[in-house]
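Trainee: fold the stuff below for me.
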Amino acid sequence: MATVAEYFPLGGGLDVVTPALSIAAGRAIALVNFEPWYNDGYRRVDGFERFDGRPRPHLQTFIGFDLVDATGLTEGTVLTGDSSGATGTVIGISGDSIGVTKVTGTFVAGEDLNTAAYTIDAGSTPTERAAPDSDTEDTWLLAAWDEYRDDILVVPGSGEVRGIWRRGSSTLAWRNNAGATACIPHLASASGWTTTGITFTDYVKFDAGGGGAARDLPVEGDTVTGGTSGASGTVHRVIQWAGSTSGNDATGYLVLTSVTGGPFSDNEKLQVGGTDRADANGASATFSFAINGEYRFHNHNFFGNSTSFRTYGVDALGAAFELDENNVISPIIIPTVADLVGITTNNDPPAGAPFLVEEHRNHLFLAFPGGRVVHSVQGEPMNFSGFLNAAEFGLGDEVTGMNSVVGGVLVLTTERETRGLFGQNITDWELRLLGEQTGGRLYTTQKLDTVYSLDDLGVTSVARTDTFGDFVGATVSQLVQPIVNTLRDLANCSTIVRSTNQYRLYFSDNSILIMYVPMPGSANESRGTQAGQLAQFGYAQYPFPVNRIYNSEDENGTERSFFASTDGYVYEDRVGNNYDGTAIQSYLRTAFTHMGSPAWRKRFRRVDVELSANKPFRLLVQGDLSYGATELSSSISDITTTDVPEITIFGGGGFWDTDNWDEFNWDGQNISTARAQLRGTGENISLLMFNESAVSNPFILQGLTIHYDKRRLQR
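Mentor: Presented below is the predicted three-dimensional model:
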């Protein structure tokens, strides 16, 4: 029979449960370091790199040129142009061709370097990324990235990085100090991590507000002086809990900066310009962070002007806090009944410290141990006075997630159930049960088009729970359920990637489960396409575990993700082409396809791979036939020369070794077709594609055209 060419698109994500004769040809039965992508296809994941505010390695490059004679030159030498004054560090030498990075100024063809020790060839114009060949260019580019990477340091202190957050142009990281006596925030800067630019405040509670003469409370910017202690400070925040100045019984607390002569003493007069305004209700104190906190953050503008976009945070050990636009840190103090003069209702603060934070309908919500949730006064995120309509309610189980979703519902999860808070404010709040047997584990709930979380059933969707009930209908991870079951108890944290509609789960064995939502807003609908499922899954493996990860936006509205492991570094996720200098090993194994005739034997001749990339790269391709039967398979036990342990998650069967691969270099246009030869006869075929590189840009595998001859019926 004549050779037949049959095309099928790649897409649909991992599928480790569908029967072999039913699975769509474009799905993957194993993949590592690939993610499902737009319009189907599989994309090699981005890399990550360390971060401290210095130049980001993946954005750097080198200048290449020829010397008249490079004899004696060594890598690491700093060259200076005798006439131009330009400088640069040598990161690559190939004969008389060199690569130079960290360049300042402009080198000139023909000029002497380092007092005539070397000379640029007169016919060689220094040019960005000029190298003798593409392999040398890649080597030098990686060396340039390494040169910048070596400058980036850990956050000062000891232990793990406990929290990372970005708001506008500021990136902060919290880590215990060297003596493990306090947790210290550091600000990323052009010279690395620094505490300069971060201000801790003092605070003092007050009562008898009105000063005995119905005077106004101090306002922000006033200088307050202690009538007895002589301490003074600038008012940064004024929080009034109860009472009134007209009755001379206002209570609350002042947040102060630039305190001198302190502390303020209990019961002394708090004066502005020598005039009594209130009495100190206890001595003042400086706000600080305890060691080993678990930090969570939320950015929001409660006040509607451009200068009040602020961060609100918790650390599970102390008071919640506000981090304002000038990186001034203020405590959020929950009042007790004793603090509220004349008030005897249940305003005692919950036991323990808040560990989750969220904004909902212009209230700041905090979750406390014991299943208690407290929210602030509407429009006043630092005021939790029940006298002014702050409120508290209980869920009957430990809170594991709080997410405000479109439609004005606050989704509250525990490990056993999911509830929704409906209404506008305290006057009409209504707490409804959404899922009696479905909830989420702590730090795994995230809001994308709806709220997703990891629980005992797998990855669940609140929208599906609300519509279909409490059981398997809420689960969106059926196609990878064996993987989820294996990893579930190892979950560390989670995040979302808004730009690609992804929910990501990170596990202590270095695994990452990537869930792509093709149609946000259609959580209960099948796509009706080849993929046939709302959720598509990919998988990645980092060299070390992600213990905490945070996603926010920078000053340009660009989504930025940062994570911490165990080594004291802050890493920026989803940037660059490698894992902080380590090559990314990526592979994908397609489902076995029988080309529409499962009982017929076929002789497979070649495969054309449709792909998209913007830089040349190498791809290894191998076919396995007839479900990997011994006489027809590639008979492989290792994925690479280094075993990849996660392969056991995807099940057994042969894979490949270093023999019998077909290799091609892709170096064509943006969307092209690359050809690999196939050999063998069988009823069906699975393609295995492998790439290992520290410099290759992410690429997308979009489809396969398999060429084969139809033979005879299998006997």
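Trainee: only C-alpha atoms from now on, for both contacts and neighbour counts.
Mentor: Fine.
Trainee: now do the helices in the stretch 351-500 of the chain.
Mentor: For the stretch 351-500 of the chain, the helices defined by DSSP state H, counting those that start in this stretch cover 462-468, 481-487.
Trainee: that should have said the stretch 1-150 of the chain, apologies.
Mentor: Along the stretch 1-150 of the chain, the segments classed as helices by DSSP H, counting those that start in this stretch run 134-149.
Trainee: my guess is G576 contacts E49, does it?
Mentor: Yes: look at G576 against E49 with CA atoms under 8 Å: they come within range, at 7.2 Å.
Trainee: now do the shared contacts for the two.
Mentor: Common contacts of G576 and E49 (CA atoms under 8 Å, 6 or more residues apart in numbering): P57, H58.
Trainee: mean pLDDT lowest where, among the helices of the stretch 351-500 of the chain?
Mentor: Note on the helices of the stretch 351-500 of the chain: helix 462-468 shows the lowest mean pLDDT, a mean of 57.
Trainee: tell me where the model's unsure across this protein.
Mentor: Scanning the chain for pLDDT under 70 picks out the ranges 1, 343-347, 464-473, 519-533, 628-672, 715.
Trainee: and the nearest residue to A214 once chain neighbours are set aside, what is it in contact with?
Mentor: In space, and not counting its chain neighbours, A214 is closest to S246: 4.5 Å by CA to CA, 6 or more residues apart in numbering. By CA under 8 Å, 6+ apart, the contact set of S246 is G210, A213, A214, R215.
Trainee: next: G423.
Mentor: Contacts of G423 (CA under 8 Å, 6+ apart): G408, V409, W429, E430.
Trainee: go ahead and confirm the second one touches G420.
Mentor: Yes: under the criterion of CA under 8 Å, V409 makes contact with G420 at 6.0 Å.
Trainee: and the most far-flung residue of the chain relative to its centre, which of the three is it?
Mentor: The centre of the chain is farthest from one residue, A213, which by CA atoms, centre = their mean lies 53.7 Å away. Assigned with DSSP: H, G, I helix; E, B strand; the rest coil, A213 falls in the coil class.
Trainee: what distance do you get for it to R618?
Mentor: Look at A213 and R618: by CA to CA, to the nearest Å, they are 81 Å apart.
Trainee: can you check H236 too?
Mentor: H236 sits at a distance of 59 Å from R618 (criterion: CA to CA).
Trainee: okay, the two: which has more neighbours?
Mentor: H236 (21 against 15; other CA atoms under 10 Å).
Trainee: I'd say that one and Y253 touch.
Mentor: No: if you go by CA under 8 Å, H236 and Y253 don't touch, sitting 10.9 Å apart.
Trainee: could you list the domains of the chain?
Mentor: Under automatic domain parsing, the residue ranges defining each domain of the chain are 3-47+583-713, 61-149, 209-236+244-284.
Trainee: for those domains, give me CSV that also has distance to N327.
Mentor: Shown next, in CSV, are the domains of the chain (distance: least, CA to CA, whole Å):
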stretch, distance to N327
domain 3-47+583-713, 30
domain 61-149, 27
domain 209-236+244-284, 12
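Trainee: in stretch 392-408, what counts as buried?
Mentor: Within stretch 392-408, the residues that count as buried by 16 or more other CA atoms under 10 Å are E392, L395, E398, V399, T400, G401, M402, N403, S404, V405.
Trainee: again with stretch 31-44
Mentor: Buried residues in stretch 31-44, counted by 16+ other CA under 10 Å: 31-38, 40-44.
Trainee: what does stretch 251-267 give?
Mentor: Applying 16+ other CA under 10 Å to stretch 251-267 flags 251-257, 259, 262-267 as buried.
Trainee: now, those that are in strands?
Mentor: T251, G252, Y253, L254, V255, L256, T257, V259 (DSSP state E).
Trainee: please, which helix or strand holds the closest residue to the first one other than its chain neighbours?
Mentor: The reference is to T251. In space, and not counting its chain neighbours, T251 is closest to D207: 4.3 Å by CA to CA, 6+ apart. Taking DSSP states H and E as the criterion, D207 maps to strand 202-209.
Trainee: name the residues that touch stretch 478-490?
Mentor: Residues outside stretch 478-490 that contact it (CA under 8 Å, 6+ apart): 14-18, 454-456, 458-459, 477, 507-509, 537, 649-650.
Trainee: which among the residues you listed count as buried?
Mentor: Buried among the contacts of stretch 478-490 by 16+ other CA under 10 Å: 14-16, 454-456, 458-459, 477, 507-509, 537, 649-650.
Trainee: find the nearest non-adjacent residue to the spatially most central residue of the chain, please.
Mentor: By CA atoms, centre = their mean, the mean C-alpha position of the chain lies nearest to S561, the distance being 3.6 Å. Excluding the flanking residues, the one nearest S561 by CA to CA, 6+ apart is N551, at 4.4 Å.
Trainee: what's the distance between the one you found and R560?
Mentor: 6 Å.
Trainee: which ones are touching the closest residue to L431 other than its chain neighbours?
Mentor: Among residues not flanking L431 along the chain, L421 sits closest, at 4.5 Å (CA to CA, 6+ apart). Listed by CA under 8 Å, 6+ apart, the contact set of L421 reads V409, L410, V411, L412, W429, E430, L431, R432.
Trainee: so which elements touch whichever strand or helix holds the residue nearest to S561?
Mentor: Using DSSP H and E, N551 sits within strand 548-553. Where contact means 3 or more CA pairs under 8 Å, 6 or more residues apart in numbering; DSSP states H and E, strand 548-553 is packed against strand 158-167, strand 491-497, strand 559-564.
Trainee: give me the sheet partners of the helix or strand that comes right after the last one and which way each runs.
Mentor: Okay, so that is strand 559-564. Along the chain past strand 559-564, the next helix or strand (assigned with DSSP H and E) turns out to be strand 570-573. Strand 570-573 has its sheet partners listed here by DSSP bridges as strand 48-51 (antiparallel), strand 559-564 (antiparallel).
Trainee: and the ones you listed, which is most packed in?
Mentor: A comparison of those by mean neighbour count, using mean count of other CA atoms under 10 Å, puts strand 48-51 on top with a mean of 25.
Trainee: spit out the contact partners of D554.
Mentor: Contact analysis of D554 by CA under 8 Å, 6+ apart lists R166, R167, G168, S169, S170, R560.
Trainee: buried residues in stretch 198-217, which are they?
Mentor: 198-212, 214-217.
Trainee: got the CA positions of that stretch in CSV?
Mentor: Coordinates of each C-alpha in stretch 198-217 appear next as CSV, following Å, rounded to 0.1, in the frame of the first residue of the first chain:
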residue,chain,number,x,y,z
ILE,A,198,12.2,50.0,55.6
THR,A,199,10.7,51.7,58.7
PHE,A,200,9.4,49.9,61.8
THR,A,201,6.9,51.9,63.8
ASP,A,202,6.1,52.3,67.5
TYR,A,203,2.6,52.1,68.8
VAL,A,204,0.8,53.3,72.0
LYS,A,205,-2.8,52.6,73.0
PHE,A,206,-4.8,55.5,74.3
ASP,A,207,-7.9,56.3,76.2
ALA,A,208,-9.5,59.5,77.5
GLY,A,209,-9.4,60.8,74.0
GLY,A,210,-10.5,64.4,74.0
GLY,A,211,-7.9,65.4,76.6
GLY,A,212,-10.6,66.4,79.1
ALA,A,213,-11.7,69.3,76.9
ALA,A,214,-13.3,67.6,73.9
ARG,A,215,-10.2,68.2,71.8
ASP,A,216,-9.7,66.4,68.5
LEU,A,217,-7.4,63.4,68.4
